[in-house]
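Engineer: just coords:
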């Protein structure tokens, strides 16, 4: 397995994204937060991270998702890896949900893009976003605040999720687990 600079991401994709991203805007957004304070506020102190999640270069990201840089660059990069249009792809999957769910749990919600679409599509539902990265949840919470969406954010592991059994009727996954 390739490591460090030998990864596909490091050799080919990272240089491409460097040209596509507005570094100044990303740095300005990054500096809006006291990341340590915000992550401490959101973090579940009892959470134990799975070994794979603490690996350097998780999903090709040098410090994995446990960094402000990963949280700030996630949305700008994802728009290029979900063609033809990230919102269309996510909304098309949400549109397949039948009925009017009362409670929706978005496992591995990241920066909350799908979570926000779920709340907009089902405004009467209680919507919960769960993620292992407090950094991603800081961004998700900020985006929800800006959009005036009432979403509950939970720092937790989706593998043994913290909600009581029998409290969910169906689940949908947009991307693969490691």
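Structural biologist: Perfect, thanks for sending it. Owing to the predicted nature of the structure, the values given are computational and were not obtained by experimental measurement. Residues are numbered from 1 along each chain as shown.
Engineer: from here on, contacts and neighbour counts on C-alpha atoms
Structural biologist: OK.
Engineer: centroid residue for the protein?
Structural biologist: Geometric centre of the chain, nearest residue: residue 110, 0.8 Å, by Cα atoms, centre = their mean.
Engineer: Tell me the secondary structure of that residue, please.
Structural biologist: Secondary structure for residue 110, judged by DSSP: H, G, I helix; E, B strand; the rest coil, is coil.
Engineer: How about the secondary structure of the residue nearest to it when sequence neighbours are not counted?
Structural biologist: In space, not counting the residues next to it along the chain, residue 110 is nearest to residue 136; the distance is 5.2 Å by Cα to Cα, 6 or more residues apart in numbering. Here residue 136 is recorded as helix under three-state DSSP.
Engineer: which ones are touching residue 136?
Structural biologist: For residue 136, the contact set (Cα atoms under 8 Å, 6 or more residues apart in numbering) comprises 65, 68, 70-71, 110-112.
Engineer: With residue 120 instead?
Structural biologist: By Cα under 8 Å, 6+ apart, the contact set of residue 120 is residue 149.
Engineer: Is there a neighbour count for residue 153? I'd like the number.
Structural biologist: If you count neighbours by other Cα atoms under 10 Å, residue 153 ends up with 23.
Engineer: Tell me if I'm right that it and residue 129 touch.
Structural biologist: Yes - contact status for residue 153 versus residue 129: in contact at 4.9 Å, counting by Cα atoms under 8 Å.
Engineer: Who does residue 126 form a beta bridge with?
Structural biologist: Partner residues in beta bridges with residue 126, using DSSP bridges, are residue 103.
Engineer: Name the nearest residue to residue 42, ignoring sequence neighbours.
Structural biologist: Distances taken as Cα to Cα, 6+ apart put residue 134 closest to residue 42, at 6.1 Å, once the chain neighbours are dropped.
Engineer: Make CSV out of the contacts of residue 136 and add pLDDT and distance to residue 29.
Structural biologist: Formatted as CSV, these follow (pLDDT from 0 to 100; distance: Cα to Cα, whole Å):
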residue, pLDDT, distance to residue 29
65, 81, 17
68, 91, 10
70, 87, 12
71, 91, 10
110, 94, 17
111, 96, 14
112, 96, 16
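Engineer: Looking at those, which is nearest residue 94?
Structural biologist: Taking Cα to Cα as the measure, residue 94 sits nearest to residue 112 out of the contacts of residue 136, at 13.8 Å.
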